[in-house]
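> Test case, fold it:
(one chain, ligands or ions: 1)
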Amino acid sequence: MNKNRVELIKGDITSLDVEAIVNAANNSLLGGGGVDGAIHNAAGPDLLTECEKLNGCETGHSKITDGYRLKAKHVIHTVGPVWYGGYRDEHSLLASCYKTSLALAKEKKIKTLAFPGISIGAYGFPKDLAALIAVNETKRFLNKNSYPQKVIFVTYGDDSYETYRKLLDQ
Ligand code: AR6
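Model (predicted):
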């Protein structure tokens, strides 16, 4: 994989000028706190209206909507697992969030896709393990597929940046 296809930044995912951003949503897809709240605030009420028609989403799965007032044309809503100590298949469910989000981006021929740290806030997934899963799944996918052309990992107000940096430099 060409290293230029993965980027790492610090900041607010809602302000990015990319084709699609990923939302760390919950099973209802009807909004919440954290990055989900920030995305709904920035996108405006039409996002909720579209989400209401989606009938929720299972953990580890992803659904796509428009981005409305966001610069991003699309939002891919993925539902990460709540961390229960690693005994409830959390690892493969989080991997599935990345795989299904990337697969939707491929299907829609999305050029640039930005991910926040799925499950590492309210859902309590250990950050280092989550970053490893995010990077591994993304590299594996990009090695086999030409879309998305670029993936941006967005870290926010925590210390995940250095963890991602080390993993991406390997
Ligand atoms: N831009 C980028 N990253 C952000 C932003 C932002 N504007 N805001 C927060 N983060 P969380 P989860 C980071 O809790 O753990 C919601 O209520 C944050 O610092 O948003 O998957 C949903 O509705 C953290 O690193 O998502 C669900 O109920 C990361 O985003 C539940 O929380 C994820 O934190 C999902 O929990």
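> which sections of this protein are below the confidence cut-off?
The model of the chain has pLDDT under 70 over residues 1.
> in it, which spans are strands?
6-10, 20-25, 62-66, 74-79, 112-115, 150-155 (DSSP state E).
> Give me the sheet partners of the third one and which way each runs.
Sheet pairing here is set by DSSP bridges, and for strand 62-66 it gives strand 74-79 (antiparallel).
> Spell out which parts of the chain neighbour the ligand.
12-14, 24-26, 32-36, 38, 80, 116-123, 154, 156-158 (C-beta under 6 Å from any ligand atom). Using the backbone N, CA and C atoms, a C-beta is placed for each residue, glycine as well.
> Sort out which of the residues you listed are buried, if you could.
13-14, 24-26, 32, 34-36, 38, 80, 116-121, 123, 154, 156 (16 or more other C-beta atoms under 10 Å).
> And the helices in the protein?
34-43, 45-52, 90-107, 127-144, 160-169 (DSSP state H).
> What helices and strands are in contact with the fourth one?
Helices and strands touching helix 127-144, as assessed by 3 or more C-beta pairs under 8 Å, 6 or more residues apart in numbering; DSSP states H and E, comprise strand 6-10, helix 90-107, strand 150-155, helix 160-169.
> Of the ones you listed, which is nearest residue 127?
Residue 127 lies closest to helix 160-169 among those, at 5.2 Å (C-beta to C-beta).
> Quick check: which helices or strands does the closest one pack against?
For helix 160-169, the elements it packs on are strand 6-10, helix 127-144, strand 150-155, judged by 3+ C-beta pairs under 8 Å, 6+ apart.
> For residue 11, grab the count of nearby residues.
Neighbours of residue 11 under the rule other C-beta atoms under 10 Å: 12.
> Extract the C-alpha trace of stretch 6-24 and format it as PDB.
What follows is stretch 6-24, C-alpha atoms only, in PDB (Å, rounded to 0.1, in the frame of the first residue of the first chain):
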ATOM      1  CA  VAL A   6      -3.300   7.100   5.000                       C
ATOM      2  CA  GLU A   7      -3.100  10.400   6.900                       C
ATOM      3  CA  LEU A   8      -3.200  11.300  10.600                       C
ATOM      4  CA  ILE A   9      -4.500  14.600  12.000                       C
ATOM      5  CA  LYS A  10      -5.600  16.100  15.200                       C
ATOM      6  CA  GLY A  11      -8.800  18.100  15.300                       C
ATOM      7  CA  ASP A  12     -12.600  18.300  14.800                       C
ATOM      8  CA  ILE A  13     -13.900  15.800  12.200                       C
ATOM      9  CA  THR A  14     -16.900  17.900  11.500                       C
ATOM     10  CA  SER A  15     -14.800  20.700  10.000                       C
ATOM     11  CA  LEU A  16     -13.000  18.500   7.500                       C
ATOM     12  CA  ASP A  17     -13.400  19.100   3.700                       C
ATOM     13  CA  VAL A  18     -13.500  15.400   2.700                       C
ATOM     14  CA  GLU A  19     -16.000  13.400   0.800                       C
ATOM     15  CA  ALA A  20     -17.200  11.400   3.800                       C
ATOM     16  CA  ILE A  21     -16.700  11.300   7.500                       C
ATOM     17  CA  VAL A  22     -17.500   8.300   9.800                       C
ATOM     18  CA  ASN A  23     -19.700   8.800  12.800                       C
ATOM     19  CA  ALA A  24     -19.300   6.700  16.000                       C
END
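> Kind regards, and thank you for your time.
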